[in-house]
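1. I would like the atomic coordinates for the input below:
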Amino acid sequence: MEAWGPLACFTRPELKVERVSYPTMTPSAARGLLEAIFWKPEMAYRVERIEQLKPVRWTRFRRNEVNNSIVTRHAYESLRANTGYRYDAAEDRGQRVIVALSDVAYRIHATIRATDRCTAPLPKYRDQFDRRLARGACYEQPHFGCREFAAFFGPRGSAEEAGAVTVADQAGIPPIDEIGLMLHHIEYLPKGKERYHWFRASLEHGVLHVPDRPLAPADVDGMPGAEGRASADGVA
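-> Next up is the predicted model:
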């Protein structure tokens, strides 16, 4: 499938204060986009590679963000105690710089794998996904990293048909672009904790190949969430 849009931000988790994007889509963002189109508990997506259809273009701007998030546990406790729980976003708002990508387009290659709940043949889910993709159906609007950055999507060739990709765009993609450590997937642990798994990423002629297995924890010492932490501190 292909996806394109005017803005994207796939936030690097090691940069804490301001949002700075990776130069290309991450596998976790690609899975989120696929699941917005079609998902069942009986299946899981395995992203194999992501093609970058346009050269990297950076943009920088400020946007309003809240400095804190509502703690669900505190809200429930206040409701049970009937003490009230007030949060005013206007009073907690601040401006932050975001370094994002502009005018992006990607081709996502993925397979569907069965979970322990699966009772039907996998082609059934693939065909359901293809039908929803062809007619533009989705459970929620797919996005590129942040919900404000909406993604248009369609089958292979849709980006070119929509005028989002041209032959000249391919000429501007460098042969090799080293990215460094990138989020592979998030493992959900008991008691609301998460563990992040990483891999060494690079673009080869605009193609990001995603390994089946991430790096061992010892190879990513110092990266956020390598040992598992509370989900409230998760990667955006």
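
2. which strand in this structure has the most residues?
-> strand 93-114 (DSSP state E).

3. what is that one packed up against?
-> Under the contact definition 3 or more Cβ pairs under 8 Å, 6 or more residues apart in numbering; DSSP states H and E, strand 93-114 sits against strand 2-8, strand 19-20, helix 27-37, strand 43-52, strand 58-66, helix 122-135. Where you see a C-beta, it was placed from the backbone N, CA and C, and this is true even at glycine.

4. which of the ones you listed has the lowest mean pLDDT?
-> The minimum mean pLDDT among the helices and strands packed on strand 93-114 belongs to strand 58-66 (a mean of 85).

5. now the angle from that one to strand 93-114?
-> Angle of strand 58-66 versus strand 93-114, following axes from the mean of the first three to the mean of the last three Cα atoms, to 10 degrees, is 110 degrees.

6. number of nearby residues for residue 204?
-> For residue 204, the tally of surrounding residues (other Cβ atoms under 10 Å) stands at 12.

7. my guess is it meets residue 175, correct?
-> Yes. With contact defined as Cβ atoms under 8 Å, residue 204 reaches residue 175; the gap is 7.2 Å.

8. wait, which of the helices and strands packed on strand 93-114 is closest to residue 103?
-> strand 2-8 (6.3 Å; Cβ to Cβ).

9. what angle separates that closest one from strand 93-114?
-> Going by the same axes, to 10 degrees, strand 2-8 makes 170 degrees with strand 93-114.

10. can I get the helices and strands packed on strand 93-114 in CSV including distance to residue 78 and mean neighbour count?
-> CSV is the format used below for those (distance: least, Cβ to Cβ, whole Å; neighbours: other Cβ atoms under 10 Å):
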stretch, distance to residue 78, mean neighbour count
strand 2-8, 37, 23
strand 19-20, 30, 18
helix 27-37, 31, 21
strand 43-52, 37, 19
strand 58-66, 19, 12
helix 122-135, 40, 14
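
11. would you list these in a markdown table and tack on distance to residue 191?
-> Shown next, in a markdown table, are those (distance: least, Cβ to Cβ, whole Å):
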| stretch | distance to residue 191 |
| --- | --- |
| strand 2-8 | 33 |
| strand 19-20 | 28 |
| helix 27-37 | 22 |
| strand 43-52 | 23 |
| strand 58-66 | 26 |
| helix 122-135 | 31 |
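
12. just for the protein, where's the confidence low?
-> Counting by pLDDT under 70, the chain contains low-confidence ranges at 67-68, 70-71, 74, 84-90, 92, 222, 224-236.

13. can you tell me the centre-most residue of it?
-> residue 29 (1.6 Å; Cα atoms, centre = their mean).

14. right, I'll leave it there.
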